[in-house]
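[1] fold the following.
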Amino acid sequence: MSKTSCAKREMIKGISFLNPVVVDRDYYLFIVDYAIKNGYDHVQLIGPTHDGVKGNVDGMIYLKKYAQFNDTKDKEYVDYCLSCVNEAINKAHAAGLKNYFWHHELDLPTGFKEAFPETLNDLGDIEVTHPIVKDYLENRIIDFYEAYPNMDGLILTLHETKVPLLKLKNQKLDKVERVKYVTKILYDISKELGKDLIVRPFASLEEDYVMMTKAYEEISHEMFIMDKWTQFDWSLTAPHNKFFNKIKNNPIFVETDIFGEFFGKGRLPLMLRDHIIKKFEYCEQFKPAGYVSRIDRNGNIPFGQVNEVNINIMHAVLNGLDVDEAIDKFFKEKYGENYKLVREIMEPTEEILIKLIYLKGFYFSELSLFPQLNHSKNHFYFEFLKNNFEIASNEWFIPIGWERGSLESVLEEKMQAKELAENSFNKLLSLKGKIPNEEYEKLYIQFANLNYVAKAWYALTHTYLGYARYIETKDSAYEKMLFDNLAELERLNAEGIKELGGKFYCVIGDGAYDGNRYVELIKDYVEETKKSFAIEKALTEKLESENLTDFVICGGANEGHKIQKEVNFSDTLILGDELCRIPGNKRGMKWSTINAHGWFSYEVKVKKGQNNIEVVASGSLGSLDMKITLGESETVIREKLDGKKTITLPYSAKEDGAVRIRFDRLSGDTPCIYTIKVK
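    Numbers count the residues shown, from 1 in each chain. Coordinates of the predicted model:
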């Protein structure tokens, strides 16, 4: 069936855009016009939420009561927003469209802790309940709506901020009360000003989702809870969002991605006919108040590209129209009499990206970009390519009941993706001269990229296999496999750049590097993998010669040991010529000292009787602040430290077995953990 079942039900229909990039006046006005023309009733401006200066409410306004922080702002950008955002808002309002802006909390300005040291607890974290924090949050919202009087409300997310609300330690309030406290401050002041507050749980774990929705319900049953139609985050293979079942008393507002944020970023050809229909049919059973669709990412927009077809599919679904008629209408208007041939090569693109970017449904790429080594280690890629792998982590990107199958089946999946992509590319070549040259060139760039990416991911998977199996077996054939495939990646990178220049998918990152060139993702991966392998190979040989009960090379590709960690907050580093892992993220080491979050743990073998567990660690800022939990025993270490320190922890075991050792970060000084030895 290509018709959907909700044609007559009234619902909210929105578009979210400029995700997450600086405001662009012309594009903003274009979106407003598009929304008016196509019957949408509201738009959501996302903006540069992750920019520490321009992002969120702070980045678009001048503060009044707290004017001392205005010196930290990009005044040119604030003035630009005050002009063009109000222009677009007023145009939308005149046509009856509502306007919303995305905001993340807890977002405090640079210099806040220095200006108000009394707001910090003894770990250097913000105490959320301090009256100055509440006063700042309230006054900032007042200033925002004075600056943008026709903005109808905020979309609130309580994650991805300099001050991680849910992960702060030593707080007076527990998680539920903390979420409730901060959200209620914003809800109350918004309501007082006649504005809306829509909340996004955006939770990584089920327990956090339940906790957050409980907090929201206790604030108000009128507050909209906006959540993604896939569970946890955007994916073509993640299950339907079962958490909708847990929203009992508040209206549900469904957020959709019809651009390909984490499955191609709009730079690869993708037609989401089946995905959109299935997700929509699932969501409709909950009778949501409405839907909002993300339509762009990092300056890449679908309009004028073949992937614009997904907006037409979603529009047809929302309005109960025939989906296939909408698809054919789009292709016919854009490609003329040969539209059926273009549709034909677009049909398998969803299947290709599922086989390419995922591994048997497992999240297998860095936001669908070519992954960097740190991301690969954090997301178990090397572990999955072992014969006997063990995953103990409860992270959102591991599908429930996931089964890898044989190593042969993993490689076969990547081979199928490579063959399908090559077949689609060859079919495209036959369209040259049959469709307008400008449209052909656009399609060529996307399908050539798909062809290159499929080959690159095939080689990438073999680098994981060669690396992991060599450390496991010491078979030189696997070492050769690793370096042969690294060489193939280098060849593909050079060929892709020569063919497509700055439009090569594996060159373009989410932002410029050093202001004048884009990150070469493949090149960076190859260089770091070679260095990491040399370090790990030598250290493995050394530690194996010491007759230890067990050892862990932290941050190694084969660290294993049933590692568990906080989702997205346990990065690996190469410091000098050594590997290590940190309880936290690399970015947080640089821009946030009010960021005492992050943990990871391993299960290590122990022998009956007395064991000595040696941990080698250092601190990133001249001190060592961490808590080590060994079994049921906790050890807190807070001391000045120049260089590395070996910490010996005694452990008595009643029998041969295993014990879990966990590392928690306590302050802005990130601990770096290098090796663990069990003697």
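[2] average pLDDT across stretch 288-298?
    What stretch 288-298 shows for mean pLDDT is 95.
[3] again with stretch 483-502
    Averaged across stretch 483-502, pLDDT comes to 96.
[4] restrict it to CA atoms and write it as PDB.
    What follows is stretch 483-502, C-alpha atoms only, in PDB (Å, rounded to 0.1, in the frame of the first residue of the first chain):
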ATOM      1  CA  PHE A 483      48.400  -3.200   5.900                       C
ATOM      2  CA  ASP A 484      47.100  -4.200   2.400                       C
ATOM      3  CA  ASN A 485      43.700  -2.700   3.300                       C
ATOM      4  CA  LEU A 486      45.200   0.400   4.700                       C
ATOM      5  CA  ALA A 487      47.100   0.800   1.400                       C
ATOM      6  CA  GLU A 488      43.800   0.300  -0.400                       C
ATOM      7  CA  LEU A 489      42.200   3.000   1.700                       C
ATOM      8  CA  GLU A 490      45.000   5.400   0.800                       C
ATOM      9  CA  ARG A 491      44.500   4.500  -2.900                       C
ATOM     10  CA  LEU A 492      40.800   5.100  -2.700                       C
ATOM     11  CA  ASN A 493      41.300   8.400  -0.900                       C
ATOM     12  CA  ALA A 494      43.700   9.600  -3.600                       C
ATOM     13  CA  GLU A 495      41.400   8.500  -6.400                       C
ATOM     14  CA  GLY A 496      38.300  10.000  -4.800                       C
ATOM     15  CA  ILE A 497      40.000  13.300  -4.300                       C
ATOM     16  CA  LYS A 498      41.300  13.300  -7.800                       C
ATOM     17  CA  GLU A 499      37.900  12.500  -9.200                       C
ATOM     18  CA  LEU A 500      35.600  14.600  -7.000                       C
ATOM     19  CA  GLY A 501      37.900  17.100  -5.200                       C
ATOM     20  CA  GLY A 502      36.400  18.700  -2.200                       C
END
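[5] ok, and for it, which residues are buried?
    By neighbour count on 16 or more other CB atoms under 10 Å, the buried set for stretch 483-502 is Phe483, Asn485, Leu486, Glu488, Leu489, Leu492, Asn493, Gly496, Ile497, Leu500. Yep, even glycine has a C-beta here, placed from its N, CA and C like the rest.
[6] ditto for stretch 60-73
    For stretch 60-73, using 16+ other CB under 10 Å, the buried residues are Met60, Ile61, Leu63, Tyr66, Phe69, Lys73.
[7] quick one: average pLDDT of it?
    Stretch 60-73 comes out at a mean pLDDT of 97.
[8] what's the end-to-end length of that stretch?
    Counting by CA to CA, to the nearest Å, you get 9 Å between the two ends of stretch 60-73.
[9] circling back: of the buried residues of stretch 60-73, which belong to strands?
    Among the buried residues of stretch 60-73, DSSP state E puts none in strands.
[10] surely His275 is in contact with Glu350?
    Yes: using CB atoms under 8 Å, His275 makes contact with Glu350 at a distance of 6.1 Å.
[11] so what sits against both of the two?
    Leu236 (CB atoms under 8 Å, 6 or more residues apart in numbering).
[12] who has more neighbours out of the two?
    Just comparing His275 and Glu350: by other CB atoms under 10 Å the higher neighbour count belongs to His275, 24 against 20.
[13] host element of that one?
    helix 273-284 (DSSP states H and E).
[14] ok, residues contacting that helix?
    Contacts of helix 273-284 (CB under 8 Å, 6+ apart): 2, 4-6, 229-230, 236, 240-241, 244, 254, 256, 258, 291, 310, 313-314, 317, 323, 327, 350.
[15] on that earlier part again, could I get the buried residues of stretch 60-73 as CSV with distance to Phe569?
    Output for those, formatted as CSV (distance: CB to CB, whole Å):
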residue, distance to Phe569
Met60, 28
Ile61, 30
Leu63, 30
Tyr66, 29
Phe69, 27
Lys73, 28
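[16] just flag the most distant two among those residues.
    Farthest-apart pair in the buried residues of stretch 60-73 is Met60 and Tyr66; separation 15.0 Å (CB to CB).
[17] how is this structure divided into domains?
    Domain segmentation of the chain under automatic domain parsing yields 350-542, 548-678.
[18] Arg297: which of those domains is closest?
    Judging those by CB to CB, what sits closest to Arg297 is domain 350-542, at 8.5 Å.
[19] first vs last residue of the closest one, how far apart are they?
    OK, domain 350-542 end separation, CA to CA: 47 Å.
[20] would TSV of the domains of the chain with distance to Thr110 be doable?
    Listed next are the domains of the chain as TSV, based on distance: least, CB to CB, whole Å:
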stretch	distance to Thr110
domain 350-542	20
domain 548-678	9
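[21] so for Asn139, which of these sits nearest?
    domain 548-678 (19.9 Å).
[22] flag the helix or strand of this structure with the lowest per-element mean pLDDT.
    The weakest-scoring helix or strand in the chain, judged by mean pLDDT, DSSP states H and E, is strand 512-513 (a mean of 48).
[23] now do Glu351, the pLDDT please.
    97.
[24] residues near it, how many?
    For Glu351, the count of nearby residues is 14 (other CB under 10 Å).
[25] next one: phi and psi at it?
    phi -60, psi -40 (degrees, to the nearest 10).
[26] and what of the one 5 residues further on?
    Torsion angles at Leu356 (phi, psi; degrees, to the nearest 10) stand at phi -90, psi -60.
[27] next, Ile628: secondary structure please.
    Put simply, Ile628 is strand when judged by DSSP: H, G, I helix; E, B strand; the rest coil.
[28] ignore what I typed, I meant Glu634.
    Glu634, by the three-state scheme (three-state DSSP), is strand.
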